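Chemist: show me the folded form of this:
(2 chains)
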Amino acid sequence: EDQVTQSPEALRLQEGESSSLNCSYTVSGLRGLFWYRQDPGKGPEFLFTLYSAGEEKEKERLKATLTKKESFLHITAPKPEDSATYLCAVTSGGGADGLTFGKGTHLIIQP
Amino acid sequence: NAGVTQTPKFQVLKTGQSMTLQCAQDMNHEYMSWYRQDPGMGLRLIHYSVGAGITDQGEVPNGYNVSRSTTEDFPLRLLSAAPSQTSVYFCASSLAPGDTQYFGPGTRLTVL
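Modeler: Model (predicted):
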């Protein structure tokens, strides 16, 4: 059974204060690891897909990395508009069984 | 493209009532799925479909029914609503199983 654990549950940063969110996973045969952003009352918004250890992807102030056991979402010089819940999910095997999600990290960026 | 659309946005039901949550996508995606999101828990898979005419159960299928008669539509039916089904429901789609899934805006359901 696939498992995903995200830490911390909540994080409060000052504007410009860089940090990292962690996603630890246990799967038998990783097919893909996904990062989503979710704003209150909205659906998850896709950020990144990572497929193999060592892979990195960047988008504006966000950078996602992947190892064989965990993924990090690095946030550099965040702005208040980066405040959201960040969700990590994995899929394994053929992928038909959908995504297994972590509980998310609630990020608040204070001006 | 509208992407993934869901209706209604909000719904209140009484225990025992039935209803259908609608989901449609205009991206010609083969794979579609339904998740529920509850406080303190990650999103959990209810049912999924790998193509028209093919559906299967996810992690929490009890009390829900699905069908896939077209590539575009994947409705979720609550047969006899229970308070435990109070949740936010998200529909998602991807080109193929295991590919990046794109989510709809959600339906917030309350069962009294």
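
Chemist: closest residue of chain A to chain B?
Modeler: residue A:95 (2.1 Å; C-beta to the nearest C-beta). C-beta coordinates here come from the backbone N, C-alpha and C atoms, glycine included.

Chemist: my guess is that residue contacts residue B:95, does it?
Modeler: No - assessed by C-beta atoms under 8 Å, residue A:95 is found out of contact with residue B:95, at 10.8 Å.

Chemist: looking at these two, which is more packed in?
Modeler: Taking other C-beta atoms under 10 Å in any protein chain shown, residue A:95 and residue B:95 do not tie; residue A:95 has more neighbours (18 against 14).

Chemist: and that one, what does it touch?
Modeler: A:31, A:32, B:96, B:97, B:98, B:99 (C-beta atoms under 8 Å, 6 or more residues apart in numbering or on different chains).

Chemist: and for the fifth one, the neighbour number?
Modeler: Counted with other C-beta under 10 Å, residues neighbouring residue B:98 total 21.

Chemist: separation between it and chain A?
Modeler: 2 Å (C-beta to the nearest C-beta, to the nearest Å).

Chemist: how about the contacts made by that residue?
Modeler: Contacts of residue B:98 (C-beta under 8 Å, 6+ apart): A:31, A:32, A:91, A:94, A:95, A:96.

Chemist: by neighbour count, which of those residues wins?
Modeler: residue A:91 leads these on contacts (other C-beta under 10 Å) with 26 neighbours.

Chemist: residue contacts, the spatially most central residue of chain B?
Modeler: For chain B, residue B:34 is the residue whose C-alpha lies nearest the centre (C-alpha atoms, centre = their mean; 3.2 Å). Residues in contact with residue B:34 (C-beta under 8 Å, 6+ apart) are B:21, B:23, B:45-48, B:58, B:64, B:66, B:74, B:76, B:89-92.

Chemist: same thing but 7 Å
Modeler: B:46, B:47, B:66, B:76, B:89, B:91 (C-beta atoms under 7 Å, 6 or more residues apart in numbering or on different chains).

Chemist: what pLDDT does it get?
Modeler: Per-residue confidence (pLDDT) for residue B:34: 98.

Chemist: what sits closest to it if chain neighbours are left out?
Modeler: In this structure, residue B:34 finds its nearest non-sequential neighbour in residue B:46, 4.3 Å apart by C-beta to C-beta, 6 or more residues apart in numbering or on different chains.

Chemist: contact partners for that neighbour?
Modeler: B:34, B:35, B:36, B:58, B:60, B:61, B:64, B:76.

Chemist: dump those into CSV; add secondary structure and distance to residue A:25 as well.
Modeler: As requested, these are exported to CSV (DSSP: H, G, I helix; E, B strand; the rest coil; distance: C-beta to C-beta, whole Å):
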residue, secondary structure, distance to residue A:25
B:34, strand, 23
B:35, strand, 18
B:36, strand, 21
B:58, coil, 18
B:60, coil, 20
B:61, coil, 24
B:64, strand, 27
B:76, strand, 27
